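1. curious how this folds, go ahead:
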Amino acid sequence: MFYKNLLNNESAKEAISEFGITVEKLNEGKALIEAAEDDKVNRKKMGDVQQATKDREKKVDEL
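-> Numbers count the residues shown, from 1 in each chain. A predicted model of the protein is given here:
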């Protein structure tokens, strides 16, 4: 949200450029955050799949 808001606000981009932060750097930061969020989602899905496998194996063993 931070990067998206900055990128959509011209006056904020101008103000932050005084510190040497370019639009390219903002886009890079945004991409890193998005990649981290995607990784988090993928890890959650993997954990869910692993738990489902354990649950299935437990049920098979009970039979």
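2. what strand or helix carries the residue most central in space within the chain?
-> The residue lying closest to the centre of the chain (C-alpha atoms, centre = their mean) is residue 37, at 1.4 Å. Residue 37 belongs to helix 23-62 when elements are defined using DSSP states H and E.
3. and that helix, what does it pack against?
-> Here helix 23-62 touches helix 2-7, helix 10-17, going by 3 or more C-beta pairs under 8 Å, 6 or more residues apart in numbering; DSSP states H and E. All C-beta atoms are positioned from the backbone trio N, CA, C, and that covers glycine.
4. would you format those as CSV with mean neighbour count, distance to residue 50 and mean pLDDT included?
-> Below are those laid out as CSV (neighbours: other C-beta atoms under 10 Å; distance: least, C-beta to C-beta, whole Å; pLDDT from 0 to 100):
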stretch, mean neighbour count, distance to residue 50, mean pLDDT
helix 2-7, 13, 32, 92
helix 10-17, 12, 42, 94
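5. okay, the ones you listed in CSV with distance to residue 27 next?
-> Converted to CSV, these look like this (distance: least, C-beta to C-beta, whole Å):
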stretch, distance to residue 27
helix 2-7, 7
helix 10-17, 11
